[in-house]
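A.B. asks: Got a predicted structure here, sequence first:
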Amino acid sequence: MKSPITVAVTGAAGQIGYSLLFRIASGSMFGPDQPVALRLIEIEPALPTLNGVVMELDDCAFPLLHSITPTADLNEGFSGVNWALLVGSVPRKAGMERKDLLSINGKIFTGQGQAIEKNAASDVRVVVVGNPCNTNCLIAKSNAPGIPSERWFAMTRLDENRAKSQLAAKAGVHNTAVTNLTIWGNHSATQYPDFTNAKINGKSVTDVISDQAWLEGEFISTVQQRGAAIIKARGSSSAASAANAVVDTVKSLTTPTPAGDWTSVAVWSDGSYGVEKDLITSFPIRTTDGTSWEIVQDLPVNEFSQSRIDATINELKEERDAVKELGLI
Ligand SMILES: NC(=O)c1ccc[n+]([C@@H]2O[C@H](COP(=O)([O-])OP(=O)(O)OC[C@H]3O[C@@H](n4cnc5c(N)ncnc54)[C@H](O)[C@@H]3O)[C@@H](O)[C@H]2O)c1
Ligand SMILES: O=C(O)C[C@H](O)C(=O)O
């Protein structure tokens with residue numbers, strides 16, 4: 001039997017937590033032979049609700065669930081963790097953009113970054129889900145300068161999955177036929193789902209879908225606005241699909257990427273594709289051996305794509321400047 005991986009989940013009593021924890025504990029995230037110790041972090045007032053979630057986890061009698069530690073203490077919660085999944089924060093309501101949450105949520109990530117640096121295992125990897133996730137990741141990372149840059153991630157996998165599903169529906173194929181889909185930039189309404197490099201059954205998307213106006217218009221805006229559409233329909237923001245995307249993200253970062261393909265994750269920019277260094281930006285990523293990853297280089301970026309990438313990077317710069325102004329980085 002392998003020794004357990006320790007995984008912290010913040011906001012564990014929230015909507016996403018309620019889907020995510022059961023997927024982690026069942027083995028969907030780390031595999032069917034990997035025990036998991038859960039550290040469930042919440043704010044003090046949510047601890048009674050969290051206690052109910054812990055009771056339900058107990059009631060599943062998951063063979064892989066080694067232990068559960070519910071806590072409001074960041075030092076205890078992040079102690080020895082190999083993965084920190086930072087979900088806890090306020091979701092937006094109808095009519096808001098995700099960046100409107102910066103002043104509310106940004107400060108959460110200063111203390112969490114510091115506590116991760118102080119307490120986590122030396123191999124810790126951090127995935128930020130709480131919005132606006134790219135810039136919250138930048139805040140946490142800036143408050144944990146001792147943790148190497150390649151261990152920080154913000155989630156754009158939900159956008160990738162949404163984009164694949166839209167392309168598959170338009171082409172009349174199963175979503176597994178869609179590969180090589182990059183989300184560039186910010187998890188926001190400026191993100192660019194790049195159809196120009198994506199493939200359907202190994203062929204260029206533009207060879208399969210001849211409706212260029214749809215690709216450049218409705219496809220992009222549907223993916224950009226999908227979070228808002230779900231809030232409108234459900235009255236609260238996406239949760240099960242977001243939890244599923246967290247599982248997909250971690251699986252993709254811990255298993256080699258299939259040959260020729262890539263996935264989308266927001267990572268620390270090293271200047272690839274001319275993106276300003278130090279922003280947390282979504283790129284095409286390949287995982288090489290289960291712990292290392294690289295940005296896929298030399299993809300063609302045409303004029304249309306470049307203008308879209310510039311727009312989303314400019315928004316990330318504005319968010320970075322705003323949190324600098326707030327003294328969070
Ligand atoms: N990146 C993405 O693709 C994506 C997708 C969906 C949702 N989100 C974001 O994820 C976040 C959580 O969404 P949700 O639907 O679970 O919200 P929710 O309101 O249902 O749950 C959030 C939980 O976080 C807890 N929390 C608040 N501050 C905390 C802190 N300082 N420490 C620990 N826990 C804290 C709350 O008590 C609550 O239980 C939101 O910011 C949402 O916008 C991101
Ligand atoms: O859109 C939101 O506010 C929630 C989440 O980021 C999403 O994309 O569904």
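C.D. replies: Received it, and whenever you're ready, just let me know what you need. Ligands and ions are numbered 1, 2, ... in the order given.
A.B. asks: Up against ligand 2, what does the stretch 201-329 of the chain have?
C.D. replies: Within reach of ligand 2 by CB under 6 Å from any ligand atom, the stretch 201-329 of the chain has these residues: 227-228, 230, 237-238. Quick note: C-beta positions are derived from backbone N, CA and C, even for glycine.
A.B. asks: Looking at this structure, which residue is nearest ligand 1?
C.D. replies: G14 (1.9 Å; CB to the nearest ligand atom).
A.B. asks: For the residues of the stretch 201-329 of the chain next to ligand 2, give me JSON lines that also has neighbour count and distance to Q166.
C.D. replies: Putting those into JSON lines (neighbours: other CB atoms under 10 Å; distance: CB to CB, whole Å) gives the following:
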{"residue": "G227", "neighbour count": "24", "distance to Q166": "14"}
{"residue": "A228", "neighbour count": "17", "distance to Q166": "15"}
{"residue": "I230", "neighbour count": "17", "distance to Q166": "14"}
{"residue": "S237", "neighbour count": "19", "distance to Q166": "19"}
{"residue": "S238", "neighbour count": "21", "distance to Q166": "15"}
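A.B. asks: So which of those residues reach ligand 1?
C.D. replies: Restricting these to those within reach of ligand 1 (CB under 6 Å from any ligand atom) leaves 237-238.
A.B. asks: and stretch 298-317, average pLDDT?
C.D. replies: Computed over stretch 298-317, the mean pLDDT rounds to 98.
A.B. asks: Report the buried residues of that stretch.
C.D. replies: Buried residues in stretch 298-317, counted by 16 or more other CB atoms under 10 Å: 299, 301, 305, 308-310, 312-313, 315-316.
A.B. asks: Of those, which ones also sit close to ligand 1?
C.D. replies: Subset of these in contact with ligand 1: empty, counting by CB under 6 Å from any ligand atom.
A.B. asks: which of those residues are the two that sit furthest away from each other?
C.D. replies: L299 and E315 (21.1 Å; CB to CB).
A.B. asks: tell me the SS of the residue in the stretch 51-200 of the chain that ligand 2 sits nearest to?
C.D. replies: Residue of the stretch 51-200 of the chain nearest ligand 2, by CB to the nearest ligand atom: R92 (4.3 Å). State at R92, reduced to three classes by DSSP: H, G, I helix; E, B strand; the rest coil: coil.
A.B. asks: Wait, it touches N131, no?
C.D. replies: Yes - judged on CB atoms under 8 Å, R92 makes contact with N131 at a distance of 6.6 Å.
A.B. asks: Comparing the two, which shows the higher neighbour count?
C.D. replies: A direct count of neighbours by other CB atoms under 10 Å for R92 and N131 places N131 higher, at 27 against 19.
A.B. asks: For the helix-or-strand element of the chain with minimal mean pLDDT, buried residues please.
C.D. replies: The helix or strand of the chain with the poorest confidence is helix 102-105; it has a mean of 90 (mean pLDDT, DSSP states H and E). Residues of helix 102-105 classed as buried by neighbour count (16+ other CB under 10 Å): 102, 105.
A.B. asks: Which secondary structure elements does it sit against?
C.D. replies: Applying 3 or more CB pairs under 8 Å, 6 or more residues apart in numbering; DSSP states H and E, one finds that helix 102-105 makes contact with helix 303-325.
A.B. asks: chain center to the helix it packs on: distance?
C.D. replies: Chain-centre distance of helix 303-325: 18 Å, with CA atoms, centre = their mean, to the nearest Å.
A.B. asks: Show me what it is packed against.
C.D. replies: In terms of contacts (3+ CB pairs under 8 Å, 6+ apart), helix 303-325 is packed against helix 102-105, helix 133-142, strand 182-184, strand 192-194, strand 280-287.
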